[in-house]
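A.B. asks: Fold the following for me, if possible:
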Amino acid sequence: MKKMYILLVTIMIFALLAGCAQPTQAPEPTKAEAEAPDTPEEPVEAPAEEPAEAPAEEPAVAPSDRLYFEVNALTSLPYFIDHRLGLEYAGHALGADTKYVGPVDYDMNAMINTLEQAVAEDPDGINIVGFDPALKPAIDAAVEQGIPVVTLDAEVYGSDRLTFLGTGNYNAGRVGAQILAEEIGSSGKVALITKVGQSNLEERIQGYKDEFAENYPDIEVVQVIDDQSDSAKAADGLKALLQREPDLAGVGCVEAAGGVGAATAVKELDMVGDVIIVSMDRDDGTLKFIEDGTIYASIAQQTALMTFIGTILMDGLMHNPVPIVKDNEAADIVPMPNIVDTGVLVITADNA
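C.D. replies: The predicted model follows:
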């Protein structure tokens, strides 16, 4: 009986121990879980999209403190397009303002008035086409006022201009004469077309005459036609000459209007190929006549270089003068070249 009692007590003790045993322990949370907040996170809102900013306005370009002019006449003539382009390109390179001004026709009084108006603006320099000796007093007055002046294309002899920039006109005439002479077989009758009295054109005419006289004695210049820079007058003048001289072998033209007029006349008279034409310059009309074979060749000028180099030279004189000697002013030295020859190109059907 006593053994039974001890057995029952032992069973009860084991039962109590089993009831008090610890439950299975859950795995320890990871570090990330342990650090997680007790409350669920609120969803994170995307930042509100800010309205796009209006593009910043470009600052206004401050006006330049430098101003350069070209004063011209016949400003609508296609030949002078490159004059304007050269001036504008120089202005762009220097950060300077430029103005291209002058009458659209050949009016020297209007051109002189335009020059005087340009001087009144006190510019850093003036390029001027030296059409006529009548420009001399106004050029001299500008230089006396301290404004540099350079002449382009045609010279104003005896003026106080600082530099002449242009084609070596006499040599350009000789080059034209050589090309015309070789193409007509070094002999025959020829005519020359020009605007009589304009200094640069007179030099080209003299170049033609001297080249023929010295190297092609069998070529005879039968007439110099004055076209007054008008292609219609050039055409009429050549037609009249061809009535009198039907065996005319060639025509040398020393400016663009003459070449276009000569080509028009030869084409209308159905004499293309019979009369050889050497023209001057590279305007659209001249180039078209070269392409169709009416004009054999043209002596072209590098015209844009005249205004570009002229403006650059004047800017250097005014703002960065080259020290030719220790004291240019005391030595009465103007650090500018006297003449700049901008050269010529020969245009034919091969490179038109």
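
A.B. asks: doesn't M318 fall inside a strand?
C.D. replies: No: counting by DSSP: H, G, I helix; E, B strand; the rest coil, M318 is not found in a strand; it is helix.

A.B. asks: how about the strands in the stretch 201-350 of the chain?
C.D. replies: Along the stretch 201-350 of the chain, the stretches classed as strands by DSSP state E, counting those that start in this stretch are 219-226, 250-253, 276-280, 297-301, 339-341, 344-347.

A.B. asks: buried set for the longest one?
C.D. replies: By 16 or more other C-beta atoms under 10 Å, the buried positions in strand 219-226 come out as 219, 221, 223-226. Every residue, glycine included, has its C-beta placed from N, CA and C.

A.B. asks: could I have that strand exported to PDB, CA atoms only?
C.D. replies: Once non-C-alpha atoms are left out, strand 219-226 reads as follows in PDB (Å, rounded to 0.1, in the frame of the first residue of the first chain):
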ATOM      1  CA  ILE A 219      46.400  93.000-132.100                       C
ATOM      2  CA  GLU A 220      44.700  96.300-132.900                       C
ATOM      3  CA  VAL A 221      42.400  98.100-130.400                       C
ATOM      4  CA  VAL A 222      39.800  99.600-132.700                       C
ATOM      5  CA  GLN A 223      37.600 101.300-130.100                       C
ATOM      6  CA  VAL A 224      37.200 101.900-126.300                       C
ATOM      7  CA  ILE A 225      33.500 101.900-125.600                       C
ATOM      8  CA  ASP A 226      32.200 104.000-122.700                       C
END
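
A.B. asks: Can you tell me the strand partners of it and which way each runs?
C.D. replies: Take DSSP bridges as the rule and strand 219-226 pairs in its sheet with strand 188-194 (parallel).

A.B. asks: and if you look at the fourth one?
C.D. replies: According to DSSP bridges, the neighbouring strands of strand 297-301, each with its direction, are strand 276-280 (parallel), strand 344-347 (antiparallel).

A.B. asks: Would you reformat the ones you listed as a markdown table and include mean neighbour count and distance to I139?
C.D. replies: Conversion of those to a markdown table gives the following (neighbours: other C-beta atoms under 10 Å; distance: least, C-beta to C-beta, whole Å):
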| stretch | mean neighbour count | distance to I139 |
| --- | --- | --- |
| strand 276-280 | 29 | 25 |
| strand 344-347 | 16 | 26 |
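
A.B. asks: Out of these, which is closest to I309?
C.D. replies: Smallest distance to I309 across these (C-beta to C-beta): 15.5 Å, for strand 344-347.

A.B. asks: now what about that closest one, what contacts it?
C.D. replies: When contacts are taken as C-beta atoms under 8 Å, 6 or more residues apart in numbering, the neighbours of strand 344-347 outside the stretch itself are 167-168, 171-172, 175, 179, 282, 287, 290, 297-302.

A.B. asks: how about the strands of the stretch 201-350 of the chain, which one is nearest T75?
C.D. replies: Ranking the strands of the stretch 201-350 of the chain by their distance to T75 (criterion: C-beta to C-beta) puts strand 297-301 first, at 17.2 Å.

A.B. asks: follow-up on the earlier one: let me know the closest of the buried residues of strand 219-226 to D122.
C.D. replies: The closest of the buried residues of strand 219-226 to D122 turns out to be D226 (C-beta to C-beta; 39.1 Å).

A.B. asks: just the contacts of strand 344-347 now: which is nearest D210?
C.D. replies: Proximity to D210 was ranked across those by C-beta to C-beta; first place goes to N171, at 10.5 Å.

A.B. asks: so where's the stretch 1-150 of the chain shaky on pLDDT?
C.D. replies: Flagging of the stretch 1-150 of the chain using pLDDT under 70 yields the residue ranges 1-63.

A.B. asks: Near R84, how many other residues are there?
C.D. replies: Counted with other C-beta atoms under 10 Å, the neighbours of R84 add up to 17.

A.B. asks: A helix includes it, no?
C.D. replies: Yes: in this structure, R84 lies within a helix as judged by three-state DSSP.

A.B. asks: Quick check, it in contact with Y100.
C.D. replies: Yes: counting by C-beta atoms under 8 Å, R84 does reach Y100; the two are 4.7 Å apart.

A.B. asks: Can you show me the strands along the stretch 51-200 of the chain?
C.D. replies: Assigned by DSSP E, counting those that start in this stretch, the stretch 51-200 of the chain shows strands spanning 67-71, 97-101, 125-129, 149-152, 163-166, 188-194.

A.B. asks: Mind putting the ones you listed into CSV with distance to P323 and mean neighbour count?
C.D. replies: Output for the strands of the stretch 51-200 of the chain, formatted as CSV (distance: least, C-beta to C-beta, whole Å; neighbours: other C-beta atoms under 10 Å):
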stretch, distance to P323, mean neighbour count
strand 67-71, 23, 26
strand 97-101, 27, 17
strand 125-129, 20, 28
strand 149-152, 21, 29
strand 163-166, 18, 24
strand 188-194, 43, 24
